[in-house]
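Student: With the input below, show me the fold.
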Amino acid sequence: MSTLVKTGLLHACAGASPALGGWFLFSGERIDAVGLPGEPCPPADDVLDFSDCSVMPGLIDGHTHFSLSHSDEIDPMPVMRQLGEPGPRKICKAIMYAGEHLRAGVTTVRGMGEDDFIDFDLKAAIAAGYIDGPRVSPAGAFISPTHGHGQTGQTVSDGVEGTRKNCRVNLAKGADLLKVFGSGGVVSGQAGLGYCTSTLAELRVAVEEAAALGKYVAAHVHGGPGIDLCLEAGVRSLEHATLCTDEQIERVAAAGAWVTVTFSPLSHPSGLRGLDPLKQSRLEAIRRTYYAVVGKMLARGVKMCMGTDGVHGAMWFEAAEMEKCGATRRQCLEFITRRAAESCRMENDIGTIAPGKYADFIALRGDPLEDLAHLRSVAAVYQGGARKG
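Tutor: Just a heads-up that it's a prediction; the model follows:
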């Protein structure tokens, strides 16, 4: 069955000029043709008329954790305690937050680590149609040493062989990427933002194991020597990189590595809060520098995408904060669609409205190039040609 989508304004490829009155045709899950204004519309079995809307590709959240929330109003608790909750409770929360993402226009999420391997179950359940949620590109369990950030004792990765074993477990379960750790975190225990809790050998073996199956490695890292070690090891994506120095920004750009920017935990009203004095001081240190760091990355041409990191459905906020760093609105839309697809190695399937790609798109009640706030005015969400939400 073929479906014709008529639009008021078609943002088929974020970063390119939108087409006033553009259209596209899909059958099944994928797009067959895209038409410009003035080109005759082909016959179709059904017509979706979004002539009063802007239509763009579904949003892509490049970094989040389905079972964690910085603003769990049902049962508020610090995220490190949430990590230790029983698996069944975490999967219930994950189902709720998956729906939250979808209603906000997010059709694909890169899961950046879950205990109990729940991201694999969530991906399977969504693909089978048991529940609604974004497409999931899963990392599986954290590859973190005993004293590392996010460690709950489930998959302790100490030394080269301990790291290798847990990498292989994740890959055997179907991980698209591996998540390692190059520094402590805001909510870590004693390990600070500038300390690397993994050795170069441990990072290298993760890269080696991922590459053997055509996969890649992403690293939680804020700053300090961890950034240098991750680049030396061949880590493809740096998550956060909040305290990157000018010299390190040059190294990131020269290496062609990706950076996933995550403003939401730091600055969103539902982000990190209620921290003890040590962790609050870390948060404030990041806030003082992150926007300037991202501005320098923009100027240097570092490859970037964005993620909400547990502030579910807040990609609109990420885009708005990126604009504050000096990005144009077209760049902001790129970071949450086309560039994110490239970062996730999914550019052949998602990220733009183009023939052969999944019919993942959203209709907005305004033009985000006029005001990024229109990213919040989601009128409809389609994933693989099916309406969601």
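
Student: Mind telling me what element Ala363 is part of?
Tutor: Secondary-structure element containing Ala363, defined by DSSP states H and E: strand 361-364.

Student: From Ala206, how far off is the closest residue to His11 other than its chain neighbours?
Tutor: Take His11 and drop its neighbours on the chain: the residue closest to it by CB to CB, 6 or more residues apart in numbering is Met56, 3.8 Å away. Bear in mind the C-beta positions are built from the backbone N, C-alpha and C, glycine included. Met56 sits 35 Å away from Ala206, going by CB to CB, to the nearest Å.

Student: Now do the strands in the stretch 101-250 of the chain.
Tutor: In the stretch 101-250 of the chain, the strands defined using DSSP state E, counting those that start in this stretch lie at 106-111, 135-138, 177-181, 216-221, 237-240.

Student: Which residues lie in contact with Leu102 in this structure?
Tutor: Applying CB atoms under 8 Å, 6 or more residues apart in numbering to Leu102 gives the contacts 132-134, 381, 383, 388-389.

Student: Which among the residues you listed count as buried?
Tutor: 132-134, 381, 383, 388 (16 or more other CB atoms under 10 Å).

Student: of all these, which comes closest to Leu278?
Tutor: Nearest to Leu278 among those: Pro134, at 34.4 Å, using CB to CB.

Student: measure that closest one to Ala94 for me?
Tutor: 11 Å.

Student: Kindly report the same for Arg204.
Tutor: Counting by CB to CB - Arg204 and Ala94 are separated by 32 Å.

Student: One more: Thr245?
Tutor: From Thr245 over to Ala94 the distance is 36 Å, taken as CB to CB.

Student: Check Val207 too.
Tutor: From Val207 to Ala94 the distance is 28 Å (CB to CB).

Student: The two - which one has more neighbours?
Tutor: When neighbours are counted by other CB atoms under 10 Å, Val207 and Ala94 differ, and Ala94 comes out ahead with 24 against 21.

Student: Settle this for me: the more buried one is touching Thr64, isn't it.
Tutor: No. Look at Ala94 against Thr64 with CB atoms under 8 Å: they stay out of range, at 10.4 Å.

Student: picking that back up, residues in contact with the strand holding Ala363?
Tutor: 5, 7, 50, 53-59, 105, 107, 353, 374-375, 377-382.

Student: Past the helix or strand containing Ser54, which element shows up next along the chain?
Tutor: For Ser54, the host element (DSSP H and E) is strand 46-57. Per DSSP H and E, strand 46-57 leads on to strand 59-64 as the next helix or strand towards the C-terminus.

Student: Output the helix or strand following that next one in CSV with nothing but the alpha carbons.
Tutor: Sequence order places helix 79-83 as the next helix or strand after strand 59-64, per DSSP H and E. Output of helix 79-83 as CSV, limited to C-alpha atoms (Å, rounded to 0.1, in the frame of the first residue of the first chain):
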residue,chain,number,x,y,z
VAL,A,79,20.5,8.2,39.3
MET,A,80,23.1,6.0,40.9
ARG,A,81,20.4,4.4,43.1
GLN,A,82,18.2,4.0,40.1
LEU,A,83,21.0,1.9,38.5
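
Student: what's helix 79-83 in contact with?
Tutor: 67-70, 72, 90, 115, 150, 152, 187, 310.
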